[in-house]
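# output the structure for:
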Amino acid sequence: MEYVCLDLEGVLVPEIWSEIASFTGEDKFNLTTQDVRDYSELMDMRIELIHDLNISIEDINQLVRKMEPFSGAKEFLDWLRGNYQMTIVSDSFYQLAWPLIQKLGTPPIICHRLEIAENKIRGYHLRQKDNKRKVVKALQGLKFRVFASGDSYNDIQMLRQADLGVFFQAPPHIREEFNDISGVESHKELQNIFSKASEFV
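Residues are numbered from 1 along each chain as shown. The predicted structure follows:
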């Protein structure tokens, strides 16, 4: 039996932090895990900027509630859930991602948690170090064949751990650096790859 693990931002929805960049005019918020390998370094920078700019969690939530999933993303998830067990495995945070998860039909998600006090983001708690790879490995320990897809540096170990790992619209510099991992540019292509892989069990 196959189990599918998908990244969230860049695969199903736009980058939340890019929306914050547009709202604040601070271009550093546009840096993502496609640019910075060290996730802790990236999050520490983001939280410092949030403090400097006096941005509240409600400010961010208002932005996220206005965002929409990528065209075709919900239909792709509906197809997945009709054919596989699946979960989103993301380095986002429940308090940020939840409005978008609801728009996707509330699929299961495994991600991290923000520390919030007085309407401000004070810090964050990772579910576990190397979370994406460990989720895939745990599912394989339950005798699932795991298919996975993501677009960034923080997805590499998940894609390599999976029985089938596929880039989704990864930027050229990541595709070139990790040219042993195949890639697609649309949900339809990803659906076709998963379907074909299921035929060879």
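# against residue 162, how distant is residue 151?
Noted for residue 151: a distance of 14 Å to residue 162, by CB to CB, to the nearest Å. Any C-beta I mention is one placed from the backbone N, CA and C, and that applies to glycine too.
# name the residue in those two with the higher neighbour count.
Ranked by neighbour count (other CB atoms under 10 Å), residue 151 and residue 162 place residue 162 first, with 26 against 23.
# list the residues that contact that one.
By CB atoms under 8 Å, 6 or more residues apart in numbering, the contact set of residue 162 is 5, 136, 146, 147, 148.
# check residue 190 too.
Going by CB under 8 Å, 6+ apart, residue 190 touches 76, 149, 166, 168, 184.
# so what's the fourth one up against?
Read that as residue 168. Contacts of residue 168 (CB under 8 Å, 6+ apart): 7, 10, 11, 149, 150, 151, 183, 184, 185, 190.
# which other residues reach stretch 119-129?
Here stretch 119-129 has contacts from 43, 47, 50-51, 56-58, 60, 93, 110-116, 134, using CB under 8 Å, 6+ apart.
# next: stretch 85-96.
1-9, 12, 16, 33, 39, 57, 60-61, 64, 77, 80, 97, 101, 107-114, 116, 124, 131-132, 135-136, 144, 148, 154, 158.
# export the contacts of residue 168 as TSV, with columns for secondary structure.
Listed next are those as TSV, based on DSSP: H, G, I helix; E, B strand; the rest coil:
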residue	secondary structure
7	coil
10	coil
11	coil
149	strand
150	strand
151	coil
183	strand
184	strand
185	coil
190	helix
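# and these, which two are the farthest apart?
Farthest pair in the contacts of residue 168 (CB to CB) is 7 and 185. Separation: 15.2 Å.
# more neighbours: which of the two?
Neighbour tally, residue 7 and residue 185, criterion other CB under 10 Å: the higher count belongs to residue 7, 26 against 11.
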